[in-house]
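S.K.: Fold the following for me, if possible:
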Amino acid sequence: TILLKTVINDILDSFKLQDGKFHLCIEEVHLPAAVTQWSKLARAHVESCKLKFNFSLIGQLPQHVLMDGVRVQQILTNLIGNATKFTEAGFVSLAAEVIVDGVRQLLKVSVKDTGLGVPREHQHRLFQTFTQADATISRRFGGTGLGLAIVRDLVDLMGGDVQS
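M.R.: This next block holds a predicted model:
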């Protein structure tokens, strides 16, 4: 039932994002505490998959920022979940840093893994709705093809950029 609820929520989020009816809940977030919590959740998930987890914080974090912390957590959950799904052995790493761009402070997160990888000719499909890099992927690993599309849409809504 939890998996079904997650899939239904992902589908609803995807439709709302595509229709422009999804709204962020921007609030003041204590960033060091949030990043610590996000890394703990990521570590628990990665290690439950019998993989090594690496976390690095690059530079100093501002104490308080305005953001939708719940949706940033959703982005990280989708990225980490995707990384662990396609990594049978090795590690998943998460790095976080704040980049100052004029008057804006941007949170940059990077997720890397030792998984099977995606050939360059299929990478453009990674963030498309209901699409996976290869037709055999859904048969072998499961999934709806929504996770990375939701990541892309949320990051776009936040004024950011996502890359493979």
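S.K.: Tell me the helices and strands packed up against whichever strand or helix holds Val35.
M.R.: Taking DSSP states H and E as the criterion, Val35 maps to helix 31-48. For helix 31-48, the contact count by 3 or more Cβ pairs under 8 Å, 6 or more residues apart in numbering; DSSP states H and E identifies strand 52-58, helix 69-85, strand 91-101 as packing neighbours. Heads up, the C-betas are built off the backbone N, CA and C, glycines and all.
S.K.: Helix 69-85 and the helix or strand Leu148 falls within, what's the angle between them?
M.R.: Here Leu148 sits within helix 147-157, counting by DSSP H and E. Here helix 147-157 runs at an angle of 150 degrees relative to helix 69-85 (axes from the mean of the first three to the mean of the last three Cα atoms, to 10 degrees).
S.K.: can you pull the buried residues of helix 147-157?
M.R.: The neighbour-count check on helix 147-157 (16 or more other Cβ atoms under 10 Å) flags Gly147, Leu148, Ala149, Ile150, Val151, Arg152, Asp153, Leu154, Val155 as buried.
S.K.: one step back: name the surrounding residues that touch the helix holding Val35.
M.R.: For helix 31-48, contacts defined as Cβ atoms under 8 Å, 6 or more residues apart in numbering pick out 52-53, 55, 57, 61-65, 69, 72-73, 76-77, 80-81, 83-84, 91-92, 94, 96, 98, 107.
S.K.: redo that, cut-off 6 Å
M.R.: Phe53, Phe55, Leu61, Pro62, Val65, Gly69, Leu76, Ile80, Thr84, Val92, Leu94, Ala96 (Cβ atoms under 6 Å, 6 or more residues apart in numbering).
S.K.: List buried residues within these.
M.R.: If we count by 16+ other Cβ under 10 Å, these have these buried: Phe53, Phe55, Leu61, Val65, Gly69, Leu76, Ile80, Thr84, Val92, Leu94, Ala96.
S.K.: Next, format those residues as JSON lines and append distance to Ile26 and pLDDT.
M.R.: Below are these laid out as JSON lines (distance: Cβ to Cβ, whole Å; pLDDT from 0 to 100):
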{"residue": "Phe53", "distance to Ile26": "29", "pLDDT": "98"}
{"residue": "Phe55", "distance to Ile26": "25", "pLDDT": "97"}
{"residue": "Leu61", "distance to Ile26": "18", "pLDDT": "92"}
{"residue": "Val65", "distance to Ile26": "10", "pLDDT": "92"}
{"residue": "Gly69", "distance to Ile26": "9", "pLDDT": "94"}
{"residue": "Leu76", "distance to Ile26": "18", "pLDDT": "94"}
{"residue": "Ile80", "distance to Ile26": "23", "pLDDT": "95"}
{"residue": "Thr84", "distance to Ile26": "29", "pLDDT": "93"}
{"residue": "Val92", "distance to Ile26": "29", "pLDDT": "97"}
{"residue": "Leu94", "distance to Ile26": "23", "pLDDT": "96"}
{"residue": "Ala96", "distance to Ile26": "19", "pLDDT": "95"}
